[in-house]
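*Asks:* Sequence below, structure please.
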Amino acid sequence: MTSQAVTNRPVLILGAAPRVSVPIARALSQHGIPADVASFQPEEASLSSRAVQQFHRLPARSSDPAGFAQALLRLVQERQFDTIMAAGDPPLAALADLFYELQPLLSVGCPPPLCVRRVLDKSLTLETAQQCGIPIPFTCTVASAEELDAIAPKLRFPLIAKPMKKGAAGFRIVHFHNLQKLSAAISANAWGPVLLQEYCPGVGVGVEILIHKGKCLAKFQHRRLKEAPVAGGIAVLAISEAPDPELLRQSMSLLRALEWEGVAMVEYRFDPESGNAVLMEVNGRFWGSLSFPIAAGINFPYYYWQVLHGQRPEVPDHYPVGMRWRWTPGYFDRMQSILFSSEGRVGPTPSLARESVRAIADFFLLPKEAVWSWRDPLPFVTESWRGVKSFAANLFKSSLRKIAPLKLQTEVDLYSRAIPEARSQYASLRIRQAFGFRAGKANSNSAPPESVRSILFVCYGNLMRSPMAEAILKSLLGERGIDDVAVESAGVHAVPGREAHSFARAVSSEFGISLDAHRAQPTTPALIARADLILAMDLQNIAELQTLYPEAGPKIFLLSAYANGAGRNQAIPDPYQGNIETTRRCFSILQLCLQNLASEIISAYPKKETSIAPSSVSAGE
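*Replies:* Residues are numbered from 1 along each chain as shown. Model prediction:
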């Protein structure tokens, strides 16, 4: 390590996507700047690289925002970082939320929150671009079937649905070819408010810029040759181009209007036939093909570090044009989009044989690799292995759907959608149940009804089963004047703020119960801690709750413990992929269970003999 490395304090890279975080760490380490990586997203695997000093796992921001904030601030103070940089949109949003808490401690690699919001909110970005005279695709925001009906005459198909905000959970991009399918998706409230945008043919072009006080300090441009998924998305093969003067002018005009400071990639869709380009979005942080400009001699991470430290970067006037770059693990995603994602695809179905031959040819061109390094091979190997496993798993599930009974397919799907850490627990619980064993034994110390003052219902997304259960029990207890039992609901995978599913709202209203005010919330340590009794809908919920909150095991039970006959101790099926009739059946099961539960609670006032904890379905041993 050089003497400069000793004097430089470390940088914290927030986000653990290997194709972004590893190039940042390597680019800084070349100049004697040590780097750590931290992740708060459970889906991101731990990251190991010679360029990364330490990897830190922080609490999930989506389910425990306060815990995440405390852990990040504590880590910054303990490790004495002097700079923090975002490697992704969720990390950028996190830095914006904590900007004023972090600013006194270190250099924050993003502008103030208002500027970040203009970039993360796609509608605001496109509105600003339109004001700058930059061509944009036809775009509108839709949150309900009624809003869709109002703008339907203006829609041109095919079109794509995107999250309102970059980095939002739930989905990325979905293509629609007709109004009927789009209306069905919006009516089902699959995602909440979405951005609808006309489909623009052509190829993706990225203009990367480091802007400081309105001046362009560094620039790079690439064109995507192949993307994953195949209909358009992330670059897996790209070629460097000389900056297009008009695109560069538009990009600078937009960034200045957004009052942006720092790095950004302005993304366009270029139609070779018409020669026109339209703006797609702005990535206000380091992008997925970051290693490409670095390989071409434009070291964006180091230049940005210099700017944050009051130094002026020395940037080359030119870089190689025609250089090729490849992200090998992305090829697995591309192949999966050809094999397994034909529904909703725009354009003709690519030939798998032709794609495979071309992919092999791409490897003989010896382009610059996104993550590979002879000195640091582990990030490439681990990321490629995950791609192989994902491809194999999807191939297995696809084959299974063709030959296996529907019940087995359902079990595989349930196993797959559980968080990885909970899958073995789910399999164990399911096997025990299949052989007639109880999910667990009764806890003799469970709280009696009169001491239970908080009940939490948990399902997958907090959109249907758990909000209906919460509303039903509140209604039943309210009818008997019991108002000192707090009843809440949450979802292990809930996206905060989403409304209840339209089917759940419709069915509940048939029974005089309103879910209009419901907003989804994820399970958090605080919710789990203050609940005296946690009632889950199925074994996947049980397995995930036990894995995430092992200390709460004795108070976690299946709600169906309060069912009658054959339905006792069985999963209450999720009606999310069903229809209104499926939801009515679910509501009936919930109603029966909750009538029995309410009866136990009511009979316990003021008696103390009855135990609320079901004797046969305790989730914990």
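
*Asks:* from here on, contacts and neighbour counts on C-alpha atoms
*Replies:* Fine.

*Asks:* What score does the spatially closest residue to D484 that is not a sequence neighbour have for pLDDT?
*Replies:* Closest residue to D484 apart from its sequence neighbours, by C-alpha to C-alpha, 6 or more residues apart in numbering: R453 at 6.6 Å. According to the prediction, R453 has pLDDT 87.

*Asks:* from memory R453 sits against D483, does it?
*Replies:* No. Here R453 does not reach D483: they are 9.7 Å apart, not a contact under C-alpha atoms under 8 Å.

*Asks:* more crowded one of those two?
*Replies:* Taking other C-alpha atoms under 10 Å, R453 and D483 do not tie; R453 has more neighbours (16 against 12).

*Asks:* In which helix or strand does S253 reside?
*Replies:* Per DSSP states H and E: S253 is located in helix 245-257.

*Asks:* Sketch out the low-pLDDT regions of the chain for me.
*Replies:* Low-confidence segments of the chain, defined by pLDDT under 70: 1-6, 164-172, 188-192, 231, 341-352, 397-415, 434-450, 566-567, 605-621.

*Asks:* Quickly list the domain ranges of it.
*Replies:* 3-110, 116-124+200-393, 138-198, 449-603 (automatic domain parsing).

*Asks:* re earlier: by contact count, what packs against the helix holding S253?
*Replies:* helix 122-131, strand 203-212 (3 or more C-alpha pairs under 8 Å, 6 or more residues apart in numbering; DSSP states H and E).

*Asks:* List the buried residues for the longest helix belonging to the chain?
*Replies:* Across the chain, the helix with the greatest residue count (assigned by DSSP state H) is helix 378-403. For helix 378-403, burial by neighbour count (16 or more other C-alpha atoms under 10 Å) applies to L378, P379, F380, T382, E383, S384, G387, V388, F391, K397.

*Asks:* Against which helices or strands is it packed?
*Replies:* Where contact means 3+ C-alpha pairs under 8 Å, 6+ apart, helix 378-403 is packed against helix 18-29, helix 328-340, helix 406-417.

*Asks:* what about the nearest residue to N579 once chain neighbours are set aside, how many neighbours?
*Replies:* In this structure, N579 finds its nearest non-sequential neighbour in F503, 7.3 Å apart by C-alpha to C-alpha, 6+ apart. Residues near F503, counting by other C-alpha under 10 Å, number 23.

*Asks:* packing partners for the host helix or strand of F503?
*Replies:* Per DSSP H and E: F503 is located in helix 502-510. Applying 3+ C-alpha pairs under 8 Å, 6+ apart, we find helix 502-510 packed against helix 465-479, helix 580-603.

*Asks:* Figure out which of those helices is closest to P243.
*Replies:* helix 465-479 (52.5 Å; C-alpha to C-alpha).

*Asks:* After that closest one, which helix or strand is next?
*Replies:* Next along from helix 465-479, by DSSP H and E: strand 486-491.

*Asks:* still on that earlier bit, distance of the residue nearest to N579 from A361?
*Replies:* Going from F503 to A361 by C-alpha to C-alpha, to the nearest Å gives 50 Å.

*Asks:* in the protein, which strand has the most residues?
*Replies:* strand 215-228 (DSSP state E).

*Asks:* Which positions within it qualify as buried?
*Replies:* Buried-residue list, strand 215-228, by 16+ other C-alpha under 10 Å: L217, A218, K219, F220, Q221, H222, R223, R224, L225, K226, E227, A228.

*Asks:* Now do the contacts for the residue lying closest to the second one once chain neighbours are set aside.
*Replies:* Spatially, and ignoring its direct neighbours in sequence, A218 is nearest to L210 (5.1 Å; C-alpha to C-alpha, 6+ apart). The contact partners of L210, taken as C-alpha atoms under 8 Å, 6 or more residues apart in numbering, are C216, L217, A218, K219, E261, G262, V263, A264, F300, Y304.

*Asks:* Could you give the bridge partners of the fourth one?
*Replies:* Using DSSP bridges, the beta-bridge partners of K219 come out as I209.
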